[in-house]
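Participant: Need coordinates for the below:
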Amino acid sequence: MKVQLKILVGLSLLLLAFASWGNDSDYIRLHNQYVAPHTALNYSLEVPAGVEFLTAKITWNSNPSIYDLFLTLRGVGFQISDCRLVVGYSAQCVVHFPPAGSWEVIIESNRSRNFGLEFYYQ
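Facilitator: Next comes the predicted model:
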């Protein structure tokens, strides 16, 4: 009986996680990505209508120079390249009232880097 109850609770939690997944504010989450020196990685991001804030956060695993890793967000008629350094080895960009539609995300580096990339929208 206890085993059946544990399985039922586990399945319920799994279903709840899948049901709420589409409503989560996380839009993209990439971990342990790699960029080679003097290259660029491109990702695409679809921003739905009505978004008030789009936050892009990038983290890396070694002591960075602010010039080592570049994050550019390019949307329709809109581009942001400035990322401010925050606590830890991370930088983030916040776009207020971003235009809906397809955005291009560009990561560039002048050194080899492993990094993580997260996007949130509200």
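Participant: End to end on stretch 57-71, go ahead and measure it.
Facilitator: When the termini of stretch 57-71 are compared using CA to CA, to the nearest Å, they are 9 Å apart.
Participant: average model confidence for it?
Facilitator: Computed over stretch 57-71, the mean pLDDT rounds to 65.
Participant: Specify the beta-bridge partners of Ile58.
Facilitator: Ala91, Leu117 (DSSP bridges).
Participant: State the number of residues packed around it.
Facilitator: Neighbours of Ile58 under the rule other CB atoms under 10 Å: 24. In short, each C-beta sits where N, CA and C put it, glycine included.
Participant: I'd like the distance between Lys57 and Pro37.
Facilitator: Per CB to CB, to the nearest Å, Lys57 is found 23 Å from Pro37.
Participant: Looking at those two now, which is surrounded by more residues?
Facilitator: More crowded of Lys57 and Pro37, by other CB under 10 Å: Lys57, with 18 against 11.
Participant: was I right about that one contacting Glu118?
Facilitator: Yes - using CB atoms under 8 Å, Lys57 makes contact with Glu118 at a distance of 4.8 Å.
Participant: What about Ser109, how many residues nearby?
Facilitator: As a burial measure, Ser109 scores 21 neighbours (other CB under 10 Å).
Participant: Kindly report the same for Asn114.
Facilitator: Asn114 has 13 neighbours, counted by other CB under 10 Å.
Participant: Now do Leu71 against Phe115, distance only.
Facilitator: Taking CB to CB, one finds Leu71 at 9 Å from Phe115.
Participant: Same drill for the two, tell me which one is more crowded.
Facilitator: Higher neighbour count among Leu71 and Phe115: Phe115, with 23 against 20, using other CB under 10 Å.
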